[in-house]
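J.: Okay, structure incoming, though there's no sequence with it:
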Ligand SMILES: [Zn+2]
(Lines give C-alpha, C1' and ligand atoms only; values in the text may rest on other atoms or scores of the structure.)
Protein backbone atom coordinates (compact mmCIF):
# COMPACT_ATOMS: atom_id res chain seq x y z
CA UNK A 1 0.00 0.00 0.00
CA UNK A 2 1.29 3.47 -0.93
CA UNK A 3 1.11 5.89 2.01
CA UNK A 4 -1.27 8.78 1.34
CA UNK A 5 1.54 11.30 1.97
CA UNK A 6 3.16 10.06 -1.26
CA UNK A 7 0.35 11.84 -3.14
CA UNK A 8 1.12 15.30 -1.70
CA UNK A 9 2.02 18.01 -4.23
CA UNK A 10 0.69 21.23 -5.77
CA UNK A 11 -2.29 19.38 -7.24
CA UNK A 12 -2.92 17.68 -3.93
CA UNK A 13 -2.76 20.32 -1.18
CA UNK A 14 -3.20 19.15 2.42
CA UNK A 15 -6.65 18.64 3.90
CA UNK A 16 -7.47 21.50 6.32
CA UNK A 17 -8.93 19.00 8.79
CA UNK A 18 -6.41 16.15 8.87
CA UNK A 19 -3.39 17.12 6.74
CA UNK A 20 -3.62 14.23 4.27
CA UNK A 21 -3.47 15.18 0.56
CA UNK A 22 -6.69 16.16 -1.19
CA UNK A 23 -7.55 14.43 -4.46
CA UNK A 24 -9.65 15.65 -7.39
CA UNK A 25 -13.36 14.77 -7.10
CA UNK A 26 -15.36 17.06 -9.41
CA UNK A 27 -13.52 19.02 -12.12
CA UNK A 28 -16.08 21.72 -12.57
CA UNK A 29 -19.79 22.24 -12.39
CA UNK A 30 -21.89 25.31 -13.12
CA UNK A 31 -22.50 27.35 -10.00
CA UNK A 32 -19.36 26.16 -8.21
CA UNK A 33 -16.34 28.33 -7.58
CA UNK A 34 -13.73 25.92 -8.96
CA UNK A 35 -12.90 22.24 -8.87
CA UNK A 36 -13.85 20.20 -5.81
CA UNK A 37 -11.20 18.12 -4.05
CA UNK A 38 -11.80 15.52 -1.38
CA UNK A 39 -9.85 13.92 1.41
CA UNK A 40 -9.78 10.15 1.36
CA UNK A 41 -8.90 10.02 5.03
CA UNK A 42 -11.49 12.17 6.87
CA UNK A 43 -13.87 12.70 3.94
CA UNK A 44 -13.84 16.53 3.89
CA UNK A 45 -14.29 18.08 0.44
CA UNK A 46 -13.38 21.64 -0.54
CA UNK A 47 -14.41 23.77 -3.52
CA UNK A 48 -11.53 25.88 -4.88
CA UNK A 49 -8.52 26.66 -2.70
CA UNK A 50 -8.55 24.49 0.41
CA UNK A 51 -7.42 27.14 2.92
CA UNK A 52 -6.48 26.17 6.46
CA UNK A 53 -7.99 25.02 9.73
CA UNK A 54 -9.19 28.54 10.63
CA UNK A 55 -11.12 29.00 7.41
CA UNK A 56 -12.71 25.56 7.62
CA UNK A 57 -13.72 26.16 11.25
CA UNK A 58 -15.15 29.57 10.36
CA UNK A 59 -17.34 27.91 7.72
CA UNK A 60 -18.77 25.61 10.36
CA UNK A 61 -21.60 27.46 12.09
CA UNK A 62 -20.47 28.34 15.56
CA UNK A 63 -23.16 26.88 17.79
CA UNK A 64 -24.29 28.64 20.92
CA UNK A 65 -23.38 26.67 24.03
CA UNK A 66 -24.90 23.20 23.83
CA UNK A 67 -26.71 23.88 20.54
CA UNK A 68 -26.47 21.45 17.64
CA UNK A 69 -25.12 22.02 14.14
CA UNK A 70 -26.64 20.20 11.17
CA UNK A 71 -24.41 19.34 8.23
CA UNK A 72 -24.99 17.83 4.80
CA UNK A 73 -22.85 14.71 5.20
CA UNK A 74 -20.23 14.31 2.47
CA UNK A 75 -19.70 10.74 3.72
CA UNK A 76 -23.41 9.97 3.28
CA UNK A 77 -24.94 7.64 0.74
CA UNK A 78 -26.66 10.58 -1.03
CA UNK A 79 -23.27 12.22 -1.75
CA UNK A 80 -21.94 8.93 -3.07
CA UNK A 81 -24.82 8.27 -5.47
CA UNK A 82 -25.16 11.95 -6.41
CA UNK A 83 -21.53 12.82 -7.23
CA UNK A 84 -21.65 16.18 -9.03
CA UNK A 85 -25.45 16.06 -8.64
CA UNK A 86 -25.34 15.75 -4.85
CA UNK A 87 -27.73 18.31 -3.36
CA UNK A 88 -25.17 19.18 -0.67
CA UNK A 89 -22.95 20.81 -3.34
CA UNK A 90 -24.18 24.39 -3.37
CA UNK A 91 -22.54 27.71 -4.34
CA UNK A 92 -22.70 28.93 -0.74
CA UNK A 93 -20.86 25.92 0.73
CA UNK A 94 -17.10 25.88 0.19
CA UNK A 95 -16.42 23.15 2.77
CA UNK A 96 -18.35 19.91 2.56
CA UNK A 97 -18.08 18.30 5.95
CA UNK A 98 -18.26 14.80 7.33
CA UNK A 99 -18.64 13.96 11.04
CA UNK A 100 -15.03 12.70 11.07
CA UNK A 101 -13.62 15.88 9.50
CA UNK A 102 -15.52 17.95 12.07
CA UNK A 103 -14.12 15.82 14.90
CA UNK A 104 -10.63 16.68 13.63
CA UNK A 105 -11.41 20.38 13.12
CA UNK A 106 -13.07 21.14 16.46
CA UNK A 107 -10.19 19.43 18.30
CA UNK A 108 -8.25 22.58 17.32
CA UNK A 109 -10.54 24.64 19.55
CA UNK A 110 -10.43 22.06 22.36
CA UNK A 111 -13.85 20.64 21.58
CA UNK A 112 -15.06 17.10 21.11
CA UNK A 113 -18.15 15.91 19.27
CA UNK A 114 -20.42 14.74 22.08
CA UNK A 115 -23.14 13.41 19.76
CA UNK A 116 -23.67 12.88 16.03
CA UNK A 117 -27.19 11.83 15.05
CA UNK A 118 -29.06 11.41 11.81
CA UNK A 119 -31.36 14.36 11.15
CA UNK A 120 -34.40 12.87 9.35
CA UNK A 121 -36.16 15.83 7.68
CA UNK A 122 -33.08 17.56 6.17
CA UNK A 123 -31.63 14.14 5.28
CA UNK A 124 -34.68 13.01 3.29
CA UNK A 125 -34.86 16.46 1.65
CA UNK A 126 -31.21 16.17 0.56
CA UNK A 127 -31.69 12.64 -0.80
CA UNK A 128 -34.89 13.77 -2.59
CA UNK A 129 -33.18 16.75 -4.20
CA UNK A 130 -30.15 14.62 -5.15
CA UNK A 131 -32.48 12.28 -7.07
CA UNK A 132 -34.29 15.25 -8.70
CA UNK A 133 -30.91 16.70 -9.79
CA UNK A 134 -30.52 13.59 -11.94
CA UNK A 135 -33.50 14.76 -14.03
CA UNK A 136 -32.83 18.49 -14.39
CA UNK A 137 -30.33 20.75 -16.22
CA UNK A 138 -29.90 23.00 -13.18
CA UNK A 139 -29.32 21.97 -9.58
CA UNK A 140 -31.41 22.18 -6.41
CA UNK A 141 -34.39 23.70 -8.23
CA UNK A 142 -37.03 22.22 -5.89
CA UNK A 143 -35.28 23.00 -2.58
CA UNK A 144 -34.42 26.42 -4.02
CA UNK A 145 -38.09 27.08 -4.76
CA UNK A 146 -38.94 26.02 -1.19
CA UNK A 147 -36.28 28.41 0.15
CA UNK A 148 -34.29 25.53 1.65
CA UNK A 149 -31.20 25.68 -0.55
CA UNK A 150 -29.38 27.89 -3.02
CA UNK A 151 -30.45 26.77 -6.51
CA UNK A 152 -28.21 26.80 -9.57
CA UNK A 153 -30.64 27.43 -12.47
CA UNK A 154 -29.87 26.17 -15.97
CA UNK A 155 -28.37 28.70 -18.41
CA UNK A 156 -31.06 28.71 -21.11
CA UNK A 157 -34.68 29.86 -20.52
CA UNK A 158 -36.17 26.73 -22.15
CA UNK A 159 -34.05 24.55 -19.85
CA UNK A 160 -35.25 26.49 -16.82
CA UNK A 161 -38.89 26.09 -17.91
CA UNK A 162 -38.37 22.38 -18.43
CA UNK A 163 -36.60 22.06 -15.06
CA UNK A 164 -39.56 23.65 -13.27
CA UNK A 165 -42.00 21.28 -14.97
CA UNK A 166 -39.79 18.23 -14.31
CA UNK A 167 -39.35 19.18 -10.66
CA UNK A 168 -43.14 19.20 -10.20
CA UNK A 169 -43.75 16.00 -12.21
CA UNK A 170 -40.98 13.97 -10.58
CA UNK A 171 -41.40 15.38 -7.05
CA UNK A 172 -43.68 12.65 -5.72
CA UNK A 173 -42.01 9.63 -7.42
CA UNK A 174 -38.61 10.95 -6.27
CA UNK A 175 -39.89 11.28 -2.70
CA UNK A 176 -41.22 7.70 -2.81
CA UNK A 177 -37.72 6.58 -3.83
CA UNK A 178 -35.85 8.94 -1.49
CA UNK A 179 -37.52 8.01 1.80
CA UNK A 180 -36.61 4.27 1.87
CA UNK A 181 -33.17 4.97 0.35
CA UNK A 182 -32.37 7.49 3.03
CA UNK A 183 -33.75 5.27 5.81
CA UNK A 184 -31.45 2.49 4.58
CA UNK A 185 -28.52 4.94 4.44
CA UNK A 186 -29.25 6.05 8.01
CA UNK A 187 -29.38 2.43 9.20
CA UNK A 188 -25.89 1.99 7.68
CA UNK A 189 -24.76 5.22 9.41
CA UNK A 190 -24.42 6.89 5.99
CA UNK A 191 -27.23 9.42 6.43
CA UNK A 192 -27.40 12.56 4.27
CA UNK A 193 -27.70 15.01 7.18
CA UNK A 194 -26.18 14.77 10.64
CA UNK A 195 -26.79 16.84 13.77
CA UNK A 196 -23.70 17.31 15.87
CA UNK A 197 -23.24 18.62 19.37
CA UNK A 198 -19.93 19.78 20.78
CA UNK A 199 -18.45 19.84 24.23
CA UNK A 200 -15.44 21.70 25.53
CA UNK A 201 -12.67 19.44 26.78
ZN1 LIG B 1 -8.91 15.04 5.77
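T.: The structure has been received and is ready for your questions. Just so it is clear, the structure is predicted and the values come from calculations on it, not from any experiment.

J.: Report how many residues lie close to residue 45.
T.: 27 (other C-beta atoms under 10 Å). Just so you know, the C-beta spots here come from the backbone N, C-alpha and C atoms, and that holds for glycine as well.

J.: my guess is it contacts residue 72, does it?
T.: No - taking contacts as C-beta atoms under 8 Å, residue 45 lies outside contact range of residue 72: 10.6 Å.

J.: Check the burial of the closest residue to residue 12 other than its chain neighbours by counting its neighbours.
T.: Nearest non-adjacent residue to residue 12, counting by C-beta to C-beta, 6 or more residues apart in numbering: residue 21, 3.8 Å away. By other C-beta under 10 Å, the residues close to residue 21 number 19.

J.: thinking residue 21 is in contact with residue 13, fair?
T.: Yes - the pair residue 21 and residue 13 qualifies as a contact (C-beta under 8 Å) at a distance of 7.2 Å.

J.: can you give me the strands in the chain?
T.: Assigned by DSSP state E, the chain shows strands spanning 22-26, 36-39, 45-47, 68-72, 95-96, 111-118, 193-200.

J.: Next, work out how far apart the nearest residue to residue 57 once chain neighbours are set aside and residue 71 are.
T.: Nearest non-adjacent residue to residue 57, counting by C-beta to C-beta, 6+ apart: residue 105, 5.5 Å away. Distance, residue 105 to residue 71, by C-beta to C-beta, to the nearest Å: 11 Å.

J.: Quick check: neighbours shared by the two?
T.: residue 60 (C-beta atoms under 8 Å, 6 or more residues apart in numbering).

J.: which helix is the longest one in the protein?
T.: In the chain, with assignment by DSSP state H, the single longest helix is helix 157-187.

J.: List the buried residues for that helix?
T.: 160, 162-164, 166-167, 170, 174-175, 178, 181-183, 185-186 (16 or more other C-beta atoms under 10 Å).

J.: ok, of these, which one's closest to the ion?
T.: Nearest to the ion among the buried residues of helix 157-187, counting by C-beta to the ion, is residue 185 at 21.5 Å.

J.: Give the full set of residues in contact with that closest one.
T.: 76-78, 123, 127, 191-192.

J.: Helices - which of these land there?
T.: Per DSSP H, the subset of these in helices is 77-78, 123, 127.
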